[in-house]
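Peer 1: predicted coordinates and the sequence they were generated for:
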Amino acid sequence: MSEAVEAIRRAFAAAQRGDFVEADAICASLLEADPSYLPALRLGGAVAAERGRLDDAVDLLSRAVERDPRDAQARAQLGAACRLRADVAAAAGDLAAALSGYDRALACGVSDADTHYNRGNVMHALNRNVDAVASYDAALRLRPALAQAWQNRGVALSRLGRYDDAIASLDRAIALDATYADAWINRANALRALDRDDEALASYARAMDLAPETDFLRGTWLHARMTVCDWNGIEDAFALLESRIAARERATPPFPALAILSSPSLLHAAARTWADARHPAQPDASPVAARTPGGRIRVGYFAATLHEHATAHLMAQLFEAHDRAQFEIVAFTFGPQTADATRARVMDAFDEVIEIGTRSDAEAATLARETCIDIAVDLMGYTRDARPGIFAWRAAPVQVAYLGYPGTMGAPYIDYAIVDRIVVPDSQRADFTEKLVTLSSCYQVNDARRPRPEAGPRREDAGLPRDGFVFCCFNNNFKITPRMFERWMRILREVDGSVLWLIADNGWAAANLREEAIARGIDAARLVFAPRAPLAAHLARHRLADLFLDTLPYNAHTTASDALWMGVPVLTCLGESFAGRVAASLVTALGMPELVVATLDAYEERAIALARDGRAMTALRDKLARNLRDSPLFDGRAFARDIERAYRAMHARRLAGLPPDHIDAGEAI
């Protein structure tokens with residue numbers, strides 16, 4: 001018997017009794033003498049895997065398979081080692097290495113449910129959701145009772161917009177484990193996307209029963225309640241949420257807090273907690289070198305809303321009006337690729353359009369860097385379908401938050417927030433992580449080319465009284481709080497024959513609001529609900545309203561500019577937070593500060609006084625009509641010059657090697 005054979009027998013015996021150190025040493029000695037000795041490659045690889053040296057295991061077993069491609073045992077061991085190394089890589093966030101490992105494991109014949117499931121998780125993390133679903137399907141064919149695979153499959157299907165299929169998958173997960181709180185939460189998320197709000201609320205409530213301390217669930221559940229105007233005990237729930245945010249608990253995503261809290265410092269805390277937990281700055285995102293001076297500044301606008309959506313309606317003219325001698329503008333779009341007229345117009349306005357919907361955050365950021373973007377503008381913030389993770393990977397030397405989210409991102413990688421002096425006064429600078437870029441007029445861009453229909457429906461056709469005073473508020477129903485509604489009912493009580501015209505977000509909100517009206521002694525028939533309608537039809541029906549009543553702590557934003565554009569005065573109360581000061585900025589930019597009041601008592605008094613004074617209302621509407629002709633608020637071209645001054649100032653600071661600082665666009669170069 002040769003010395004090598006005797007040695008490998010001793011190594012096998014050592015491995016069998018668990019002495020992997022001795023087995024490892026023997027194999028290493030044999031391979032030093034003969035690097036191609038197959039038994040030592042195979043056993044050495046297996047021992048290295050047992051000792052957690054997975055790179056060595058993959059190397060040795062790969063050499064064994066090269067030495068004998070027909071060696072089924074070595075191939076199986078290689079697959080297992082690749083799978084283990086992929087698990088480690090996935091846990092460490094090295095998704096590319098993890099995917100490579102799982103693919104190699106599968107190529108080696110490993111085909112267990114866990115491998116397919118884990119590969120699906122990596123695909124999902126890479127935003128390759130079609131592939132993720134395929135991997136989950138493979139896992140479930142092998143293990144149909146794998147509840148986690150049904151749940152994660154449902155999340156991936158939701159990402160693809162296949163919400164009905166997602167709900168069916170999540171229902172399978174819940175059937176296997178009725179206490180699976182995450183499945184209940186994601187089922188609720190899919191139901192909300194389908195506007196099945198009552199069912200969504202029931203699912204969130206079930207998750208709250210099962211796991212009330214789940215990260216960020218409490219605020220999500222409250223937002224669902226506000227969407228259907230379910231106010232039973234909600235003031236106490238608001239107070240509890242506020243205390244938990246103050247304690248820096250993971251109580252709510254930032255967006256729901258906007259309609260609950262008025263404190264800028266608490267909203268800042270909520271945003272910071274969310275950013276730290278869900279979208280932290282990535283340590284591998286190295287600083288981006290700014291381009292040398294000269295040439296046009298390349299601005300990238302990142303959004304999922306460049307289609308028939310409020311953001312696109314507001315920004316279309318800005319995209320068209322950018323000075324192409326000084327700027328190149330690039331769309332990084334990750335929303336639905338619709339065929340509507342708004343998307344066609346917006347896409348035509350860009351110098352370049354880059355679809356990043358199927359790319360991971362890291363891949364999208366890398367692409368933006370390779371495209372030499374100087375300034376990356378996030379139009380989403382923390383709204384639905386946002387991708388803040390792209391900016392965590394540093395997509396450009398300068399990163400800016402604008403328009404989509406009215407508040408601080410609370411993230412260290414967002415350099416600037418674009419505001420104006422009303423929405424964020426200098427006294428609130430400490431409540432923003434970003435440096436503030438203050439525009440010379442209202443921060444909200446508008447489009448002078450938007451339609452202004454002359455003809456509209458008759459009041460009778462809209463369910464409104466022919467002669468009574470029509471108060472309206474077309475804000476989303478979740479912005480209506482019990483305190484705000486109480487003021488509205490007191491206004492109706494004082495103005496005979498008046499009605500309140502609201503948007504019909506959902507039937508459950510309408511029913512609940514009618515009950516709340518009755519509880520306050522107001523005939524439910526005095527609440528009239530307008531169904532959702534295409535933009536032109538929605539704008540046209542504004543002509544039937546007399547006065548728009550704003551909400552607090554979350555104002556009308558696009559809904560306010562819609563009303564003003566159609567000649568309806570907007571009465572607003574100046575709030576504390578950015579979200580609660582937007583309407584004040586809009587009406588002030590129109591030269592109508594008399595529509596801004598400082599307290600809700602004054603708001604109530606002003607609404608009643610205007611409704612009782614026909615001459616005052618006529619004078620107010622006439623003034624609004626005159627001011628609309630001359631105001632910069634609806635001049636997208638003038639706005640372009642203002643924001644371009646801000647962009648040049650940001651870019652100049654970067655080229656000079658200076659850190660971000662507060663910028664007054666009116667004084668900028």
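Peer 2: Happy to help now that I have it.

Peer 1: mind listing the strands for the protein?
Peer 2: In the chain, the segments counted as strands under DSSP state E are 297-303, 327-333, 352-355, 375-378, 398-401, 416-419, 435-438, 470-473, 499-503, 527-530, 547-549, 570-573, 596-597, 663-664.

Peer 1: quick one, what contacts Ala251?
Peer 2: Contact partners of Ala251, counting by CB atoms under 8 Å, 6 or more residues apart in numbering, are 216, 218-219, 241, 244-245, 270, 273. Any C-beta I mention is one placed from the backbone N, CA and C, and that applies to glycine too.

Peer 1: could you list the low-pLDDT ranges of the chain?
Peer 2: Confidence mapping of the chain against pLDDT under 70 gives the ranges 1, 284-292, 668-669.

Peer 1: domain assignment for it?
Peer 2: The record's domain split for the chain, according to automatic domain parsing, is 3-110, 215-278, 297-438, 460-634.

Peer 1: what about the longest one, how long is it end to end?
Peer 2: Think domain 460-634. For domain 460-634, the separation between the terminal residues is 31 Å (CA to CA, to the nearest Å).

Peer 1: from Phe471, how far out is the nearest residue to Gly591 once chain neighbours are set aside?
Peer 2: The spatial neighbour of Gly591 that comes closest, neighbours along the chain excluded (CB to CB, 6 or more residues apart in numbering), is Asn627 at 4.9 Å. Here the distance between Asn627 and Phe471 works out to 22 Å (CB to CB, to the nearest Å).

Peer 1: okay, the two: which has more neighbours?
Peer 2: Taking other CB atoms under 10 Å, Asn627 and Phe471 do not tie; Phe471 has more neighbours (24 against 16).

Peer 1: that one: what's it in contact with?
Peer 2: By CB under 8 Å, 6+ apart, the contact set of Phe471 is 488, 491-492, 495, 498-501, 545-549, 607, 611.

Peer 1: over to Met566?
Peer 2: When the contact criterion is CB under 8 Å, 6+ apart, the partners of Met566 are 452, 539-540, 542-543.

Peer 1: would you mind measuring from the closest residue to Val130 other than its chain neighbours to Ala48?
Peer 2: If the residues on either side of it in the chain are set aside, Val130 comes closest to Leu160, at 6.8 Å by CB to CB, 6+ apart. Taken as CB to CB, the spacing of Leu160 relative to Ala48 amounts to 40 Å.

Peer 1: over to Pro660?
Peer 2: Looking at Pro660 against Ala48, where the rule is CB to CB, the gap reads 49 Å.

Peer 1: more neighbours: which of the two?
Peer 2: Each of Pro660 and Ala48 had its neighbours counted (other CB under 10 Å), and the higher figure belongs to Ala48 (24 against 18).

Peer 1: thought the more buried one was touching Ala64?
Peer 2: No: applying CB atoms under 8 Å as the test, Ala48 and Ala64 come out as separate, 11.7 Å apart.

Peer 1: closest to Arg615 out of the strands of the chain?
Peer 2: The minimum distance between Arg615 and the strands of the chain falls on strand 547-549, with 14.3 Å, by CB to CB.

Peer 1: sheet-wise, list the partners of the closest one with their directions.
Peer 2: strand 470-473 (parallel), strand 570-573 (parallel) (DSSP bridges).

Peer 1: buried deepest among those, which one?
Peer 2: Among the strands paired with strand 547-549, ranked by average contacts under mean count of other CB atoms under 10 Å, first place goes to strand 570-573 (a mean of 26).

Peer 1: can you tell me what sits against it?
Peer 2: Strand 570-573 is contacted by residues 547-550, 552, 555-556, 560, 563-564, 583-584, 586-587, 595-600, 602-603, 606-607, 610 when judged by CB under 8 Å, 6+ apart.

Peer 1: do the same with stretch 621-629
Peer 2: Counting by CB under 8 Å, 6+ apart, stretch 621-629 makes contact with 564-565, 567-569, 590-592, 634, all of which sit outside it.

Peer 1: what's the offset of it from the middle of its chain?
Peer 2: When distances are taken as CA atoms, centre = their mean, to the nearest Å, stretch 621-629 is centred 36 Å away from the chain's centroid.

Peer 1: just to revisit the earlier point, okay if I get the contacts of Ala251 as a markdown table plus neighbour count?
Peer 2: Supplementary listing: the contacts of Ala251 in a markdown table, determined by neighbours: other CB atoms under 10 Å:
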| residue | neighbour count |
| --- | --- |
| Phe216 | 20 |
| Arg218 | 23 |
| Gly219 | 24 |
| Leu241 | 23 |
| Arg244 | 18 |
| Ile245 | 27 |
| Ala270 | 35 |
| Thr273 | 23 |
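
Peer 1: report the central residue of the protein.
Peer 2: In the chain, the centroid-proximal residue (CA atoms, centre = their mean) is Ala386; its distance is 2.7 Å.

Peer 1: how close does the residue lying closest to it once chain neighbours are set aside get to Thr305?
Peer 2: Excluding the flanking residues, the one nearest Ala386 by CB to CB, 6+ apart is Met380, at 3.8 Å. As for Met380, its distance to Thr305 is 7 Å (criterion: CB to CB).

Peer 1: with Gly636 instead?
Peer 2: 17 Å.

Peer 1: next one: Lys623
Peer 2: Counting by CB to CB, the separation of Lys623 from Thr305 is 33 Å.

Peer 1: pick out whichever of the two has more residues nearby.
Peer 2: Under the criterion of other CB under 10 Å, the comparison of Lys623 against Thr305 puts Thr305 first, with 27 against 15.

Peer 1: so Val228 touches Asp197, yeah?
Peer 2: Yes: counting by CB under 8 Å, Val228 sits close enough to Asp197 to count as a contact (5.1 Å).

Peer 1: any shared contact partners between the two?
Peer 2: Where contact means CB under 8 Å, 6+ apart, the residues bridging Val228 and Asp197 through contact with each are 506, 508-509.

Peer 1: and the helices in the stretch 351-500 of the chain?
Peer 2: Listed in chain order, the helices of the stretch 351-500 of the chain (DSSP state H, counting those that start in this stretch) span residues 361-370, 388-392, 482-494.

Peer 1: wait, the stretch 151-300 of the chain
Peer 2: Listed in chain order (using DSSP H, counting those that start in this stretch), the helices of the stretch 151-300 of the chain are 163-176, 181-193, 197-210, 217-227, 234-246, 254-257, 264-278.

Peer 1: distance of the nearest residue in space to Arg429 that is not next to it in sequence from Pro465?
Peer 2: Residue nearest to Arg429 in three dimensions, not counting chain neighbours: Leu436, with 6.1 Å by CB to CB, 6+ apart. For Leu436, the distance to Pro465 equals 46 Å [CB to CB].
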